[in-house]
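Peer 1: quick one, fold the following:
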Amino acid sequence: MDTLQNMRVFVRVVEAGSFTAAAQHLNTTTAYASRAVSDLEAHLRARLLNRTTRRIALTEAGERYLQRCEQILAYVDQAEAEAGDAHARPSGKLKVHSMTSFGQHYIVPMISRYQQRHAAVQVDLTLAQRVPDLLDEGYDVSVVLASDLPDSGLVSARLGSVFSIACASPAYIEQHGAPHVLSDLVRHTCLHLMTPVFPPDRWVFDGPNGQETVSLGPSTFTVNVAEAMVVAIRESMGIGVLPTSSALPGLRAGTLVRVLPQYTMQELNVYALYASRQYLDAKIRTWVEFLRDALPATLAADEESLKEFVVN
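Peer 2: Numbering: from 1, shown residues only. As a prediction, this is how the structure comes out:
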């Protein structure tokens with residue numbers, strides 16, 4: 001028995017004053033309307049309506065039940081309207097995850113621009129190096145960096161690509177000189193950035209001769225967050241590898257210099273991951289669309305600006 005539908009029929013019968021009028025309004029038959037009320041009464045084990053051939057009248061139990069039905073159906077209608085509105089109009093809380101450094105430099109500014117368009121959306125951003133379980137942890141969208149994605153059943157949208165570069169401080173270069181070829185790195189202090197996308201014991205370069213690998217010995221300094229590596233490089237502790245987003249502020253300020261500019265490292269795709277395309281909530285849909293429209297141009301502009309920062 002569809003109790004909710006039978007409640008709607010019962011309310012309509014009372015409002016219309018007859019089974020026939022209610023059936024016409026509901027575009028159904030009088031027999032269906034009568035059976036719906038009878039099924040309710042059997043389910044409740046109470047008579048809701050007194051019926052004659054000329055009219056119907058609520059019983060005392062029917063009056064009480066009618067009030068509850070009207071309240072319940074109003075809540076249901078409100079819930080359906082809110083759910084439907086969520087599909088049409090961005091609003092409510094958007095729970096977003098991003099990789100730490102990428103999120104700080106790119107996603108936070110993107111959120112600011114997005115909320116200028118969609119002020120009714122509140123964004124809850126989590127920055128973490130790991131890739132979360134979207135369904136178990138309740139994230140709406142995760143922005144991840146990866147060479148490729150495993151088959152997870154999630155929907156993915158590619159947003160562009162990023163890479164890393166080798167950097168040092170001006171003081172370090174003045175004291176130790178700049179490496180000009182990869183083999184020069186053996187006489188330099190190489191700092192280790194330990195993240196899920198960086199191998200712990202080697203640097204893999206892409207350059208004029210294709211892909212080349214430099215094995216790293218023990219390091220005097222290892223850290224797992226790019227922003228901390230920025231500080232270590234700035235303090236002249238050695239040469240380190242940074243995502244372009246983390247390196248650019250220091251390059252522009254003159255506190256970092258790029259070394260081995262003919263090489264890039266660790267090119268990764270940027271993906272937005274979300275659970276489903278079907279009945280997609282408007283805040284998720286508009287956020288992913290905004291990233292697809294705005295982020296590639298920002299990444300391309302930063303890549304172009306790197307050409308200014310070269311040490312000879």
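Peer 1: which parts of the host helix or strand of residue 124 are buried?
Peer 2: Here residue 124, judged by DSSP states H and E, is contained in strand 121-127. Applying a neighbour-count criterion of 16 or more other Cβ atoms under 10 Å, one finds 121, 123, 127 buried in strand 121-127. For every residue, glycine as well, the C-beta is placed using N, CA and C.
Peer 1: quick one: least confident helix or strand in this structure?
Peer 2: The weakest-scoring helix or strand in the chain, judged by mean pLDDT, DSSP states H and E, is helix 60-88 (a mean of 78).
Peer 1: helix or strand next in line after it, which one?
Peer 2: Counting by DSSP H and E, what follows helix 60-88 is strand 92-98.
Peer 1: pLDDT on that following strand, on average?
Peer 2: What strand 92-98 shows for mean pLDDT is 93.
Peer 1: now the angle between strand 121-127 and that strand, please.
Peer 2: Put simply, strand 92-98 runs at 20 degrees to strand 121-127, going by axes from the mean of the first three to the mean of the last three Cα atoms, to 10 degrees.
Peer 1: report all helices and strands that the following helix or strand past strand 92-98 contacts.
Peer 2: Past strand 92-98, further along toward the C-terminus, the next helix or strand under DSSP H and E is helix 100-102. Other helices and strands packing on helix 100-102, by 3 or more Cβ pairs under 8 Å, 6 or more residues apart in numbering; DSSP states H and E, are helix 226-234, helix 244-253.
Peer 1: mind listing what's buried along the shortest one?
Peer 2: Translated: helix 226-234. 226, 229-230, 232-234.
Peer 1: what's next to it, contact-wise?
Peer 2: Outside helix 226-234, the residues within contact range by Cβ atoms under 8 Å, 6 or more residues apart in numbering are 100-101, 104, 167-169, 172, 191, 193, 195, 221, 223, 238-243, 246-247, 249-250, 255-256.
Peer 1: what is the burial count for the residue lying closest to residue 248 once chain neighbours are set aside?
Peer 2: With sequence-adjacent residues excluded and distances taken as Cβ to Cβ, 6 or more residues apart in numbering, residue 248 is closest to residue 302, at 5.9 Å. Using other Cβ atoms under 10 Å, residue 302 has 16 other residues around it.
Peer 1: quick one, phi psi at residue 267?
Peer 2: phi -70, psi 130 (degrees, to the nearest 10).
Peer 1: isn't it right next to residue 206, touching?
Peer 2: Yes: shown here, residue 267 and residue 206 form a contact pair, counting by Cβ atoms under 8 Å, at 6.6 Å.
Peer 1: tell me which helix or strand residue 178 sits in.
Peer 2: Counting by DSSP H and E, no helix or strand carries residue 178.
Peer 1: let me fix that: residue 211
Peer 2: Using DSSP H and E, residue 211 falls in strand 210-215.
Peer 1: what do you get for residue 108?
Peer 2: helix 108-117.
Peer 1: for that helix, give the mean pLDDT please.
Peer 2: If you average the pLDDT over helix 108-117, you get 95.
Peer 1: need the contact partners of that helix.
Peer 2: Outside helix 108-117, the residues that touch it by Cβ under 8 Å, 6+ apart are 96, 121, 123, 125, 286-287, 290-291, 294-295, 298.
Peer 1: so it versus strand 92-98, what angle?
Peer 2: Helix 108-117 runs at 160 degrees relative to strand 92-98, counting by the same axes, to 10 degrees.
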